[in-house]
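Student: Need a 3D model of the sequence below.
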Amino acid sequence: MNKNEFIAAIADSKALAKLDLSKTVLGTVVDAVFDTIEAALKRGEEVRLVGFGNFYVAKRAASKGRNPRTGETINIKPSKLPKFRAGKQLKDQVNSGKK
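Tutor: Numbers count the residues shown, from 1 in each chain. So this is what the prediction gives:
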């Protein structure tokens, strides 16, 4: 599912049907949610959505690597990467086998 399909699925949600929100408005809301999560992660904060999961930043230490073509050893800089850990409720829903 891509972003447009995601927004369309939200627009078709029975929970939001009575609000009569356009896909444009929903797209703006989805963008705001993503931007808020991104900003929190940039500040090094964790975003906890109870029942859904946690977004957090993991730190990767500097390491040595190897160029597969030349065999030359290279230094890999330390970095940060965003990660997601699914909550129990989400795991249970995915594993329930129901659509």
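
Student: Can you say which helix or strand has the residue most central in space within the chain in it?
Tutor: With distances taken as CA atoms, centre = their mean, the residue of the chain nearest its centroid is residue 84 (6.3 Å). Using DSSP states H and E, residue 84 falls within strand 79-86.

Student: just how off-centre is the longest helix anywhere in the chain within its chain?
Tutor: Longest helix in the chain by number of residues (criterion: DSSP state H): helix 23-42. Offset of helix 23-42 from its chain centre (CA atoms, centre = their mean, to the nearest Å): 11 Å.

Student: After it, which helix or strand is next?
Tutor: Next element after helix 23-42 (DSSP H and E): strand 47-49.

Student: Now that next one: buried residues?
Tutor: For strand 47-49, the neighbour count (16 or more other CB atoms under 10 Å) marks residue 47 as buried. Using the backbone N, CA and C atoms, a C-beta is placed for each residue, glycine as well.

Student: just stretch 41-48 next, same as before
Tutor: 41, 47.

Student: before we move on, back to that, for the longest helix of the chain, which helices and strands make contact with it?
Tutor: For helix 23-42, the elements it packs on are helix 3-11, strand 47-49, strand 53-60, judged by 3 or more CB pairs under 8 Å, 6 or more residues apart in numbering; DSSP states H and E.
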